[in-house]
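3D model of this:
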Amino acid sequence: AGLFRIIERSGATLLLDEAERLNNKESPELAELLRAGYKRPSVAIRVQESSFEPHFFNVFSPKAIANIKGLDDVLGSRCIPISMVRSLNKDKVNRDITLGSTKWPALRSKLYRLALDHSSAIHQAYVKTRREERNKEIHGRSFELWAPLFAVATFLEDCGGHKGLLARLHTLAKRKVEEHKVSS
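Prediction:
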């Protein structure tokens, strides 16, 4: 009950580690909070103990869940998964991830600067992307996950540069969505 109130009052970030038993049987209230709070506006209904009146809690906030079993299908569809590999062999760890390269800090800085300098225009591109739903092959939750990247690509193309970036991103997104369907 405390988490519902804290998140509603402050929009606190919720970090859960070792969440292997996160399911309806063992933690139904927490599972409800997580399933409901992935986008704005999000409400979860709780009954007040003193009056038995329903109360609608706004439970939208950032959340991170770490576990080794994975999440159920409903909650998993509302998350951005980041798979981590445990290994003592440094050649195998992060073999597909280039974030360890010396280029990553410079790229990250440029992306921060882009977001700070052009946040209004990127937001307008995001609204435009959501309204037009340019790629009919990607929809639902998959579209929600890819929409911010589509917005940045739309912004860059609208600025007069990077022609074809949005089309290439749609091709990549379609391939990744299909790969995820096959692996699920």
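
Look at the nearest residue to A64 once chain neighbours are set aside and tell me its secondary structure.
Excluding the flanking residues, the one nearest A64 by Cβ to Cβ, 6 or more residues apart in numbering is L15, at 5.0 Å. The way it works is simple: take the backbone N, C-alpha and C, and place the C-beta from them, glycine included. At L15 the chain is in strand, as set by DSSP: H, G, I helix; E, B strand; the rest coil.

in this structure, which residue is closest to the centre?
The residue lying closest to the centre of the chain (Cα atoms, centre = their mean) is I80, at 4.4 Å.

Once you drop chain neighbours, what's closest to it?
L145 (6.2 Å).

what separates that neighbour from R21, distance-wise?
L145 is 26 Å from R21, where distance means Cβ to Cβ, to the nearest Å.

The two: who's more crowded?
Regarding L145 and R21, a neighbour count based on other Cβ atoms under 10 Å identifies L145 as having more, with 19 against 11.

tell me which element the more buried one is part of?
According to DSSP states H and E, L145 maps onto helix 140-158.

Which other helices and strands does that helix contact?
helix 119-132, helix 165-183 (3 or more Cβ pairs under 8 Å, 6 or more residues apart in numbering; DSSP states H and E).

of all the ones you listed, which lies closest to E32?
Closest to E32 of the helices and strands packed on helix 140-158 is helix 165-183 (Cβ to Cβ; 25.3 Å).

Give me the contact list for that closest one.
By Cβ atoms under 8 Å, 6 or more residues apart in numbering, the residues outside helix 165-183 that reach it are R134, N135, E137, I138, S142, W146, L149, F150, A153, T154, L156, E157.

go with 7 Å
Contact with helix 165-183 is made by N135, E137, I138, S142, W146, L149, F150, A153, T154, L156, E157, as judged by Cβ atoms under 7 Å, 6 or more residues apart in numbering.

does L33 sit in a helix, a strand or a coil?
Under three-state DSSP, L33 comes out as helix.

any idea how far it is from I6?
Distance of L33 to I6, given as Cβ to Cβ: 11 Å.

Looking at the two, which one has more neighbours?
More crowded of L33 and I6, by other Cβ under 10 Å: L33, with 21 against 13.

Just give the closest residue to that one, not the sequence neighbours.
In space, L33 is closest to V59, 5.2 Å off (Cβ to Cβ, 6+ apart).

show me the contacts for that neighbour.
Neighbouring residues of V59 by Cβ under 7 Å, 6+ apart: F4, I7, E8, L33, A36, G37, S42, V43, A44.

element containing K110?
For K110, the host element (DSSP H and E) is helix 103-117.

same deal with F57?
Assigned by DSSP H and E, F57 falls in strand 54-58.
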